[in-house]
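In: here's a sequence, model it:
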Amino acid sequence: MKPLYTCLQFVSLFVGLTTSALSQTTITGSVRDATGKPLPFISIALLNARDSSLITGTISKETGSYTFENIKPGQYKLMVSAVGYAPNRTRAFDITSSPTEIPAISLTELAKTLNAVAVVTSSMFAGHSIRGYSSST
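Out: Here you go, the predicted model:
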């Protein structure tokens, strides 16, 4: 009886692990500017929709596309941000066990200018002499 019980435990553990692995999916999408041009190297954070806790993050590729892999089904939000652009947070969306493609996310460029900084130096060169010393041990 004990070998049968051990075998059943092993089978149920294996089924549980494979079911959990199979219930993970992929999220894909892209990031664009206001003109529709792809934006590379943009930070994208996958957040839990309930409490906005960070699940994982990635960076968009040169084509503006991004991928999150091995994501469990649930409700999520995306937070997209980059220097020089206003951050964009998506509405909550549901992820099922099938791959999900998010519509393109648009970022608006910030029109802030930095103040100019001038670095001015002056040097008073007053004939320095260099002396050499030798030491013998």
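In: buried ones in stretch 26-42?
Out: 27, 29-33, 38-39, 42 (16 or more other C-beta atoms under 10 Å). For glycine as for every other residue, the C-beta is placed from the backbone atoms N, C-alpha and C.
In: same check on stretch 47-62?
Out: Buried residues in stretch 47-62 (16+ other C-beta under 10 Å): 47, 49, 60.
In: okay if I get the residues you listed as JSON lines plus distance to V83?
Out: What follows is the buried residues of stretch 47-62, written out as JSON lines (distance: C-beta to C-beta, whole Å):
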{"residue": "L47", "distance to V83": "20"}
{"residue": "A49", "distance to V83": "26"}
{"residue": "S60", "distance to V83": "14"}
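In: nearest to P99, of these?
Out: Nearest to P99 out of those is S60 (C-beta to C-beta; 17.9 Å).
In: quick check: the closest one vs L46, distance?
Out: 13 Å (C-beta to C-beta, to the nearest Å).
In: same question, A116
Out: 39 Å.
In: of the two, give the one with the bigger neighbour count.
Out: L46 (18 against 5; other C-beta atoms under 10 Å).
In: residue contacts, that one?
Out: Applying C-beta atoms under 8 Å, 6 or more residues apart in numbering to L46 gives the contacts 27, 54-58, 68, 71, 76-78.
In: just give me the residue closest to the centre of the protein.
Out: The centroid of the chain falls nearest to T58 when counting by C-alpha atoms, centre = their mean (2.6 Å).
In: I'd guessed it sits against I44; true?
Out: Yes. Counting by C-beta atoms under 8 Å, T58 does reach I44; the two are 5.4 Å apart.
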